[in-house]
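Undergrad: Prediction below, plus the sequence it came from.
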Amino acid sequence: MVFLKNPINRAWLVLMIATAITWYLGEVGAAGTGAIVGMLLIAFVKGRLVILDFMELRQAPRMWRLLLEGWMLLVGSLILLAYWLSLR
Amino acid sequence: MQYKSQAVAKPYFIAAIGLFVGQILFGLILGLQYVIGDFLFPAIPFNVARMVHTNLLIVWLLFGFMGGAYYMIPEESETELFSPKLALAMFWIFLVAGALTIVGYLTVPYAALAEMTGNNLIETMGREFLEQPLPTKLGIVVVALAFLFNITMTVLKGKKTSISLVLLIGLWGLAVFFLFSFYNPVNVVLDKFFWWWTVHLWVEGVWELILGSFLAFVLIKTTGVDREVIEKWLYVIVTLTLITGIIGTGHHYFWIGTPEYWQWWGSIFSALEPIPFFAMTVFAFNMVNRRRREHPNKAAVLWALGTGVMAFLGAGVWGFLHTLAPVNYYTHGTQITAAHGHMAFYGAYAMVNLMMISYAMPLLRGRAANSNKSQVLEMWAFWLMTVAMVFITLFLTAAGILQVWLQRASDAPLPFMVAQDKIALFYWMREWAGVFFLIGLVIYIVSFFVGGEEKQAV
Amino acid sequence: MNSIAAEPAVTARRLPGDLAIWFFILAEMLAFAVFFAAYAFARASHVEEFNQYQQTLDLNAGALNTVLLITGSWFVALAVQAAHRDEQADISRNLLLGWLCGAGFLVVKCFEYAGKFGAGITLSTNTFYMFYISLTFFHFMHVILGMVILTVLWKQSRKGVYGRYDANGLESGAAYWHMVDLLWIVLFPLVYVMR
């Protein structure tokens, strides 16, 4: 398919599917450690696609790519830490 | 100096330095009163000395801002000032009004001063930093409006640059937010709420725009880096300043009876206020490193770098220290605040004015830069004042930490005055650091009168 | 031979857009990081309250808005690609589509707010709503700013400012718009779904 040859289009498709999964998890009321980790992972994958394909940082100097990916990791782990504290 | 009318900046700068000396002298008196309570009593009680110290600060900074604007705007707009006569008239009005106010503070009891000056018409007096009698406040408004009119007309008839635009926003903001000093609701919560619109939105909002544009102007002149590059950074800094600074007002709304969400809003946004200051430091060093020419005025470049670093430390780091609500719960109104206030005002606003004076004064006196001898002396003054201020801040911080511990955090909290006695050692050390600051200031003034071979005007 | 010599220059690692905008983006992202962490840690001490009131939020509206922002981001990324290929009409068209997605986001959000404010919910109702309103509104303002930027880009693109040799302004604005999207990608699961 011509559509999928463009990495931006692939990214968009994956982002849509991932959003649908998050929505579904919300719809069925998924909760607890598994759901939290899953949603954070999905968010990380989505964020990474935006950073690498939409923002075009895949070809950028490594520092910038790492800064933004690092932001995703940092925010994800802070949230995870806080949720882990609440589950204890 | 490219335009004749820039010369009106000179009296403003001289007055600013004169009032700066006054501020420091009263600072020393005040510092001594912390440890010798009845020093100069009853001639100059503590509350009066404090009022004079802080009011002189504000007034000399305003003189500096106006002088800087009068110097900068004609050059940026590439046209003569709209009305140099108006600028000079306003200078004398402002100086006389300021002097009369200080004399009033020193000779008449405050309550009597309030009665004499018609405070019963609109009650505006008696609030920290806004102690000025009604006629003085009205005078400030008149002077500010005439000044803004003059500056704005100049920009309108000449070239419009981003730097003058940012300066105009800063100066108009300064005038607009001062109007809240006339609003004094009976409800104490509302009173405090809007009091901060003048106080906070000045120093953590619009004044930063003035700081940014002055810094950008001097950097363009001294480094020769493209205007485009400098303006781009200025825009980034201004936007960050406004986002963090305006919502950051919330860090004053923790404990005055305002809704609880301010604890979150205030903590989060004010915690980010160091970012624009950090950007300013990076900006200053970056531009100086990328300089395309060696400007003969080394002292001005030193002040420019210094104001970046010290503003970041004083306003940014020392502000952050006690800006989070859970920390501020213990520290508000202690010597931690005083430590922050001293370094922030010196680092951001005193130093940026001194930078502007350092850059403009030689040009106003018909040379590109002062003689080597004079510049060396000025740099000595820079280091003495700056290091002295660092020590003042460190001693006050130590005093503050101890005060928080003794008076608030410990299991058996001590009364205020008992705690004050226990931290007297730090007050003594602060006073000595203050003496060194004064020596630095004297050397600074001497540097204006040192001759030697001058750099030719270009 | 010449083409081989020129190769490294073309594939050299390059930051799209202006350094200043990236600095600004980092500052903005730091602001949101602090806000997200504040939400998560505040929740840790109000778990039941957060879980209870989270269920009053409109999951469908949140998901729809995610779709809108991602699609808007996609269009703007396509606009940048079009600029690199020098296809002028495509730049403007994609920017306009991206802008419309942003407008759609605002409309959905307004309906959501109308429901909440209509029910008498304010910043002072409870900690959860305080965060919900603060975070989404702060983001809302960023969508508006992003749309202002897109408007400028669209106008410029109509004048044919952007092309293979100069897409700096377009890339800078696009990067900001992608950031708005990126923030929502974290905000949506955090505030609407995770429990």
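TA: Yep, it's here.

Undergrad: contacts, neighbours, all on C-alpha from now
TA: Will do.

Undergrad: Helices of the stretch 151-300 of chain B, start to end?
TA: Shown for the stretch 151-300 of chain B, the helices assigned by DSSP state H, counting those that start in this stretch span residues B:162-178, B:188-201, B:207-223, B:227-248, B:261-271, B:274-289, B:298-311.

Undergrad: Give me the contact list for the fifth one.
TA: What that stands for is helix B:261-271. For helix B:261-271, the surrounding residues in contact (C-alpha atoms under 8 Å, 6 or more residues apart in numbering or on different chains) are B:243-245, B:247-254, B:320, B:323-325, C:31, C:34-35, C:123-124, C:127, C:130.

Undergrad: Please indicate which of the residues you listed are buried?
TA: Using 16 or more other C-alpha atoms under 10 Å in any protein chain shown as the burial test, the contacts of helix B:261-271 include B:243-245, B:247-254, B:320, B:323-325, C:31, C:34-35, C:123, C:127, C:130 as buried.

Undergrad: near chain A too, which of the contacts of helix B:261-271?
TA: With C-alpha under 8 Å from any C-alpha of the partner chain as the criterion, these include none near chain A.

Undergrad: Find the residue at the geometric middle of chain B.
TA: Chain B has residue B:349 as the residue nearest its centroid, 3.5 Å off, counting by C-alpha atoms, centre = their mean.

Undergrad: Next one: that residue relative to chain A, how far apart?
TA: 33 Å (C-alpha to the nearest C-alpha, to the nearest Å).

Undergrad: unless I'm mixing things up, that residue is touching residue B:211, no?
TA: Yes. In this structure, residue B:349 is within contact of residue B:211 by C-alpha atoms under 8 Å, at 7.0 Å.

Undergrad: Tell me how far the residue nearest to the centre of chain B lies from residue B:359.
TA: Separation of residue B:349 from residue B:359 (C-alpha to C-alpha, to the nearest Å): 15 Å.

Undergrad: same question, residue B:47
TA: 36 Å.

Undergrad: Who has more neighbours out of these two?
TA: residue B:359 (25 against 11; other C-alpha atoms under 10 Å in any protein chain shown).

Undergrad: Return the residues of chain C in contact with chain B.
TA: So chain C meets chain B at C:20, C:21, C:24, C:27, C:31, C:34, C:35, C:123, C:124, C:127, C:130 (C-alpha under 8 Å from any C-alpha).

Undergrad: host element of the fourth one?
TA: Pointing back at residue C:27 there. helix C:19-44 (DSSP states H and E).

Undergrad: how far is that helix from where the chain is centred?
TA: 13 Å (C-alpha atoms, centre = their mean, to the nearest Å).

Undergrad: Need the residues that contact the helix or strand following that helix.
TA: Past helix C:19-44, further along toward the C-terminus, the next helix or strand under DSSP H and E is helix C:47-54. Residues outside helix C:47-54 that contact it (C-alpha under 8 Å, 6+ apart) are A:86, C:43, C:127, C:128, C:129, C:191, C:192, C:193, C:195.

Undergrad: quick check: angle from helix C:47-54 to helix C:19-44?
TA: Helix C:47-54 runs at 110 degrees relative to helix C:19-44, counting by axes from the mean of the first three to the mean of the last three C-alpha atoms, to 10 degrees.

Undergrad: C-alpha coordinates for helix C:47-54, PDB please?
TA: Output in PDB follows, covering the C-alpha atoms of helix C:47-54 (Å, rounded to 0.1, in the frame of the first residue of the first chain):
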ATOM      1  CA  VAL C  47      -7.100   7.900  45.900                       C
ATOM      2  CA  GLU C  48     -10.800   7.300  46.600                       C
ATOM      3  CA  GLU C  49     -11.800  10.800  45.700                       C
ATOM      4  CA  PHE C  50      -9.900  10.700  42.500                       C
ATOM      5  CA  ASN C  51     -11.300   7.300  41.400                       C
ATOM      6  CA  GLN C  52     -14.800   8.400  42.200                       C
ATOM      7  CA  TYR C  53     -14.800  11.700  40.400                       C
ATOM      8  CA  GLN C  54     -12.700  10.500  37.500                       C
END
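
Undergrad: Please identify the buried residues of the helix or strand that it is followed by?
TA: Downstream of helix C:47-54, the next assigned helix or strand under DSSP H and E is helix C:59-84. Buried positions in helix C:59-84, judged by neighbour count with 16+ other C-alpha under 10 Å: C:59, C:61-84.

Undergrad: Next, the buried residues of the helix or strand following helix C:59-84.
TA: Using DSSP H and E, the next helix or strand after helix C:59-84 towards the C-terminus is helix C:88-118. Buried residues in helix C:88-118, counted by 16+ other C-alpha under 10 Å: C:88, C:90-106, C:108-109, C:112-113, C:116.

Undergrad: Assess the claim that residue B:53 and residue B:27 are in contact.
TA: Yes. Shown here, residue B:53 and residue B:27 form a contact pair, counting by C-alpha under 8 Å, at 5.8 Å.

Undergrad: Let me see the confidence value for the nearest residue to residue C:106 once chain neighbours are set aside.
TA: Take residue C:106 and drop its neighbours on the chain: the residue closest to it by C-alpha to C-alpha, 6 or more residues apart in numbering or on different chains is residue C:140, 7.3 Å away. On the pLDDT scale, residue C:140 is placed at 97.

Undergrad: Repeat that for the one 4 residues further on.
TA: With respect to pLDDT, residue C:144 scores 97.

Undergrad: can you redo the residues of chain C next to chain B as CSV with pLDDT?
TA: Output for the residues of chain C next to chain B, formatted as CSV (pLDDT from 0 to 100):
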residue, pLDDT
C:20, 87
C:21, 92
C:24, 92
C:27, 92
C:31, 92
C:34, 94
C:35, 94
C:123, 93
C:124, 92
C:127, 94
C:130, 96
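
Undergrad: quick one: contacts of the strand or helix carrying residue B:114?
TA: In this assignment (DSSP H and E), residue B:114 forms part of helix B:110-116. The contact list for helix B:110-116 (C-alpha under 8 Å, 6+ apart) reads B:104, B:105, B:120, B:125, B:133.

Undergrad: Same check on stretch B:138-147?
TA: B:66, B:86, B:87, B:90, B:93, B:94, B:97, B:175, B:178, B:179.

Undergrad: Now the stretch 1-150 of chain B against chain A: closest residue?
TA: The stretch 1-150 of chain B approaches chain A most closely through residue B:76 (35.7 Å), counting by C-alpha to the nearest C-alpha.

Undergrad: now do the stretch 251-400 of chain B
TA: Of all residues in the stretch 251-400 of chain B, the one sitting closest to chain A is residue B:268 (15.2 Å; C-alpha to the nearest C-alpha).

Undergrad: Please enumerate the helices of chain A.
TA: Using DSSP state H, the helices assigned to chain A run over residues A:7-27, A:33-49, A:62-87.
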